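Trainee: coords please:
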Amino acid sequence: MHFYDKLVQVELADGRRFVAHTEVDRLEAYLKHLAPEDASVIDEYISAARSFLSVDLLGLPMASPWQTLKALPKLPLLLK
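Mentor: Below you'll find the predicted structure:
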């Protein structure tokens, strides 16, 4: 399996772009560089993202019963 550095990149007509990095620390630094005034919201977002690092959400449909049980406590966070 290959893991990419960028999840998505959006470029505007004027050349500005937004990059959603797949590595959480890099994404946090990038977002704070773009909008330092939103640091508290970014911290909350990144904290939520970090809580899912141990769960393979895309692999859940094929997960073993043990892996599924391990992920259950975090699933309600998806609804927030």
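
Trainee: show me the strands in this protein, by range?
Mentor: Counting by DSSP state E, the chain forms strands over residues 6-11, 17-21, given from the N-terminal end onward.

Trainee: deepest-packed of those strands, please.
Mentor: Among the strands of the chain, judged by mean count of other Cβ atoms under 10 Å, the one packed with the most neighbours on average is strand 17-21 (a mean of 13). Where C-beta positions appear, they are placed from N, C-alpha and C, glycine not excepted.

Trainee: flag the shaky bits of the chain, pLDDT-wise.
Mentor: By pLDDT under 70, the weakly predicted segments of the chain are 1-2, 55-58, 60-61, 69, 71, 74-80.

Trainee: go with 80
Mentor: Scanning the chain for pLDDT under 80 picks out the ranges 1-4, 52-80.

Trainee: which helix is the longest one in it?
Mentor: helix 39-51 (DSSP state H).

Trainee: buried sites along that helix?
Mentor: 42, 46 (16 or more other Cβ atoms under 10 Å).

Trainee: chain center to that helix: distance?
Mentor: For helix 39-51, the separation from the chain centroid amounts to 9 Å (computed by Cα atoms, centre = their mean, to the nearest Å).

Trainee: quick one: closest of the strands of the chain to residue 28.
Mentor: Comparing the strands of the chain against residue 28 with Cβ to Cβ, the closest turns out to be strand 17-21 (8.9 Å).

Trainee: the closest one pairs with which strands, parallel or anti?
Mentor: Using DSSP bridges, the neighbouring strands of strand 17-21 in the sheet come out as strand 6-11 (antiparallel).
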